[in-house]
Each structure stands twice: as structure tokens, then as C-alpha cells.
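In: Mind looking at a prediction? Sequence and model below.
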Amino acid sequence: MKITISTAAPSQIETECLVVSVVDAAAEAKNGDKPKPAPQLQTDDQAVSAAAADLIASGEATGKLLEATLLHKPQGLKAKRLLLIGGGKAKSFSSYELRKLAGAALRALKSKNLKSFLFVAPNLASGAPDAVKSIVEGAYVGSFEPNYYQSDREDKQVDEVVIAAKGDEKALNAAAETGRIIGEAQNFTRDLANEPSNKMTPTILGERAKKMSDEVGLQCEVYGPDKLHELKMGAFWSVSQGSDEEPRLIVMRHEPKDAPEKPVLGLVGKGITFDTGGISIKPAEGMEKMKYDMAGGAAMIGVMRAIAQLKPNVRVIGIVCASENMPSGKAQKPGDIQIAMSGKSIEVINTDAEGRLVLADGLHYAKQLGATHLIDAATLTGAVVVALGMVNAGIFANNDEFYDRFSQSLKKSGEKMWRLPVDDEYREMLKSNIADMMNIGGRWAGAVTAAMFLKEFVGDTPWIHLDIAGVAWMEDAKPWIAKGPTGVPVRSLVEFVLEVNGGNAG
Ligand code: BES
Ligand code: ZN
Ligand code: ZN
């Protein structure tokens, strides 16, 4: 997809379709009555306002979020069509809504087989470059389709998005480029997570990571069972031992020569390419979804891709623990004791709590490789879905300052996450009679006890854990995004990395 910036007046640009957002500027009603909508076009191009005047006067375009109104042959414009798209309340309009509008516009026009359109960047408090970046990101999110294996799939793709914006052209173009890199990385991740387990084994995931790394200039090593044994990764291996598919330990590094020695950010992803539950096998219904149990790992691969292209001056190590979780004659059994790389012993009560086992060794290894700060992403628990549904990811942190900095990145990315506790009192729930800990904590607070398990392996290192089980996959299509993999938390992690050394990306 080609992205172009134009500083010309939107009415003077030739395009298949001119897209303008409309917000509702109605003041809050005092007596509790619903206020009458006061639609406001987000452009100061008078010719566009004139062309849209009838649609607005008729009450067809109210500014309601994602309401789309299409007009053919708009008078006085060089565009063939005019699409008005609702942005919701004027007061709360931000990059969060703008991304969705761009995605929704792209999807609506793509379905009509249009190949290009022009989007007018609205004024945002965060500035014109941020508006441009959000439009590009939203357009990429909207462009992804999961129907790769349909033999009759129609290749309706938008080839070009032009963004009309005002300001310093260099800054606007740089913002568009950053948006493109982040959007492509997110879709790269979605592509990996979308693949079924027979097309995305640990071996294939390793190959994809290596190929990507070679293309963008990242160092990448992909290790197999011998390395796991050499490193004494007993927790990781215990998950892999039941499968005929070999595990892969994927290590990607972004190490700019002039970057400060510290911090070193370790990004660790759960890469279970299929989770049957192992001997503690899952019910058949819905098990097919467990192909996306590698979404955390896929996210880390996408993030490393973006980092290699954006080149922030910070050291980052990406680690993915890729494995299947299968039942077999070789599989681990409930009650088995495993010794993790850190030396801690684990009583495996439930072989379906496998993500924390592979991450235990992944996190420890990241520290051994020099990580001073750790972030992991994992489709770790059904319990986080019970707690937060499919709206927010669960976020856990052992360090408030680290959390505060990360939450700034959430505002930029527009990805929703909600903090849950890791108080020491929960540690008791993991107590084992026979080993240092059990791998599950009983009926209550399942997302928290999973995080508490990981916490045992990070020690004092500042650490953030993202449980993305509920948000890595969209159960239903939305106007701005297809059903299927979402690529969360790629954007937040990239935003965070760009800010690590004071935002000195270059
Ligand atoms: N991969 C699952 C978690 C999951 C659930 C991901 C729903 C995506 C959607 C994880 O490995 C798992 O099975 N967790 C168990 C833990 C339990 C045995 C303590 C769970 O959540 O049921
Ligand atoms: Zn599981
Ligand atoms: Zn799992």
C-alpha cells in the first residue's frame, strides 16, 4: 500500500473518494435530555463544507461514531465521491478514534472495489504528525484479511492512501513512514498468528523469524532441543517433550553500536504453536483456537521487525519460546517435577498451564543474556478473559515506575490494557508439598497466580507481563478490523521501545 501526503486543499485533489470525519459538537444537555446532534466537519476547506452541507442539514450525517454517508459526484470537488465518517463526540475525539475511522473507511471503500482514497487529517491536540501516523496505522489494521487459504478469495486491496494534512512536510512524511512500519509489523504478526498449526510449527516459526531478520538486518539465532538441554531449560523442555515437532528457541537482537550499555530490554513471547492442553487435555469444543497460542511470540517477532527499521538507539533482545503442547507417550504427566533453568523445582499439576513453563525459562535466559528490563506477552490464561473480556489485556508489573512509563505508550498506541495485582499474598496459592512451587494456583485469581508464577523467575528485574489471551483474537469483525488475529500488543511495545532512551530514535 502506497501512502502519500498532500498539503494541497482537499477540494482541489483528484481522487476516487474524499473521506472527511464528522464529529458531534453538541454540548451536554443539562436536564438529562439527549442533546440534538451538532455535526461538525473536520476540515476548514470551505468547498468541502459546501459539498457536505445538504447531507448534514438533512440529518443523515450526525457525527455518530463510525456512521458512514456516501455521496457521489460532490459539487465543487475534484473527488468522484465524498465519504463522511462519524468520529463521535468532538470533546473526546483523539488518535484512538481516528485509527478506527481510517480502518473503517478503508474497509468500506475496499468492499466497493475502490483502489485509492484521500483522507483529510483532522486537527488533533497531539498534532498533525500524530494524526497522519494514526491514519496510516488504522489503514493498515483495516487492510488485513485472514482468508489466505480461500481459493476463490477476491483480491480487493486498496493500493494507495493519500492523506491531506497541514504542517511541516518533512515531519508529516516521517510520521507516515513510522505509521507504515508499525502497521506492517502489526500485520506481519497477524499473519503469523493466523496460520494454522500444521502451517506454523515451531520450526516454521523459527524460519519465518530468521527470514524476516535477514531482510531487515537483525541478528537472529534459532536453536533446537540440544540448546534447550545445554541450557538446562527443564521447564521449557517439559512442554516440548510430548511432541514430534521439535521446539525452537528464537533469539533476535537489536544492538546499535552507539547505544548505551544499559538499559537492555528483553522481550519474551509465548510461542505455543498449538495448545492441546497436553495430558490435561482441553475439551474439543473451541480447541481449534489454540493455534493462536503463539500470538505473544508472534508479537515479539513483529516488534523486532519494526525496531530494526525504526532504529531506536536502545538495546533490545527478543526471545520466543516456540513449542507444541501435545499429549503422547513421551508427554509430561500431572505430578511430574521439572527443574527450570533457574534451578527452581516445579510440580506440574496441570499440563495445560504450559505457557508459564516455557516463559519461566525464556525470562531467565533473557536475564542471562543481559536484559535489565523484561516484558513478556502471552496468551496465558482463560482467567484473564473471564476478568477483562475481549476489551482489555491484563497487565502485571513488579515495578511502578516501569509500569508508569509503559502506560504512557498505551496512550500512544490506543491498545487497551488494565493493571492487575501481583501482591505477595497470592504467592501462597502456588505452594507445593514436594517442590518449590506448583504450576497452578487453584480456582481463584487464575490470571494473577499465572503472573505470580512468572514473577518467581524475574527476581528484582523490572518486569511487565501482558496476558493477551482475550485480545489477541477478534471473535467478530468490526467496521475497522477483520475477524481473526489483532496483532496486539505490537504497537504498544514499539511505542515503548522508541521512548526508552528519551525518544532518541533516529
Ligand atoms: N493457552 C491457554 C490460555 C488461553 C485461553 C489462551 C483462552 C487463549 C484463549 C493456556 O495455556 C491455558 O490453557 N491455561 C489454562 C490454565 C489452567 C490450567 C490453570 C486456563 O486458562 O484454563
Ligand atoms: Zn494451556
Ligand atoms: Zn497455552
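Out: Structure's in. What do you need? Given the structure is predicted, the values throughout are model-derived calculations rather than measurements. Residues are numbered from 1 along each chain as shown. Ligands and ions are numbered 1, 2, ... in the order given.
In: near ligand 3, which residues of the stretch 251-400 of the chain show up?
Out: 272, 275, 293, 355 (C-beta under 5 Å from the ion). From N, CA and C alone the C-beta is placed, and that goes for glycine too.
In: now these as CSV including pLDDT?
Out: Shown next, in CSV, are these (pLDDT from 0 to 100):
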residue, pLDDT
272, 99
275, 99
293, 99
355, 99
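In: mind putting those residues in TSV, secondary structure and distance to residue 365 included?
Out: Formatted as TSV, these follow (DSSP: H, G, I helix; E, B strand; the rest coil; distance: C-beta to C-beta, whole Å):
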residue	secondary structure	distance to residue 365
272	strand	17
275	strand	21
293	coil	20
355	helix	16
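In: Contact residues of the protein facing ligand 3?
Out: 272, 275, 293, 355.
In: rerun at 8 Å
Out: 270, 272, 275, 290, 293, 325, 352-355, 378-380 (C-beta under 8 Å from the ion).
In: Which parts of the stretch 401-506 of the chain are strands?
Out: Assigned by DSSP state E, counting those that start in this stretch, the stretch 401-506 of the chain shows strands spanning 417-419, 437-438, 463-467, 473-474, 484-485.
In: now swap in the stretch 251-400 of the chain and tell me
Out: 264-275, 315-325, 337-339, 345-347, 373-378, 393-397.
In: Of those strands, give the one that comes closest to ligand 1.
Out: Closest to ligand 1 of these is strand 264-275 (C-beta to the nearest ligand atom; 4.5 Å).
In: Listing partners with orientation, what would you give for the closest one?
Out: Partners of strand 264-275 in the sheet, by DSSP bridges, are strand 315-325 (parallel), strand 373-378 (parallel).
In: Determine the angle, from 0 to 180 degrees, between the shortest one and strand 393-397.
Out: Which is strand 373-378. 150 degrees (axes from the mean of the first three to the mean of the last three C-alpha atoms, to 10 degrees).
In: Give me the buried positions along strand 373-378.
Out: Neighbour-count burial for strand 373-378 flags 373, 374, 375, 376, 377, 378 (criterion: 16 or more other C-beta atoms under 10 Å).
In: and if you look at the first one?
Out: By neighbour count, with 16+ other C-beta under 10 Å as the criterion, the buried positions of strand 315-325 are 315, 316, 317, 318, 319, 320, 321, 322, 323, 324, 325.
In: tell me the contacts of the fourth one?
Out: Yep, that's residue 318 we're talking about. 250, 251, 252, 253, 254, 267, 269, 300, 301, 303, 304 (C-beta atoms under 8 Å, 6 or more residues apart in numbering).
In: any chance of the strands paired with strand 264-275 in a markdown table, plus mean pLDDT and distance to residue 180?
Out: Converted to a markdown table, the strands paired with strand 264-275 look like this (pLDDT from 0 to 100; distance: least, C-beta to C-beta, whole Å):
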| stretch | mean pLDDT | distance to residue 180 |
| --- | --- | --- |
| strand 315-325 | 99 | 20 |
| strand 373-378 | 99 | 23 |
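In: can you redo these as JSON lines with distance to ligand 1?
Out: Formatted as JSON lines, the strands paired with strand 264-275 follow (distance: least, C-beta to the nearest ligand atom, whole Å):
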{"stretch": "strand 315-325", "distance to ligand 1": "7"}
{"stretch": "strand 373-378", "distance to ligand 1": "8"}
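In: picking up where we left off before, in terms of distance to ligand 2, which of the residues of the stretch 251-400 of the chain next to ligand 3 ranks first?
Out: residue 275 (4.4 Å; C-beta to the ion).
In: Identify the residues contacting the closest one.
Out: By C-beta under 8 Å, 6+ apart, the neighbours of residue 275 are 282, 290, 293, 324, 325, 352, 354, 355.
In: For it, name its beta-bridge partners.
Out: residue 325.
In: got it, and residue 373?
Out: The partner list for residue 373 in beta bridges (DSSP bridges) reads residue 265.
In: just to revisit the earlier point, and the strands paired with strand 264-275 as TSV, adding distance to residue 463?
Out: Converted to TSV, the strands paired with strand 264-275 look like this (distance: least, C-beta to C-beta, whole Å):
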stretch	distance to residue 463
strand 315-325	14
strand 373-378	4
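In: Out of those, which is closest to residue 132?
Out: Smallest distance to residue 132 across the strands paired with strand 264-275 (C-beta to C-beta): 25.7 Å, for strand 315-325.
In: which of the contacts of residue 318 lies closest to residue 50?
Out: The closest of the contacts of residue 318, once distances to residue 50 are taken by C-beta to C-beta, is residue 303, at 45.3 Å.
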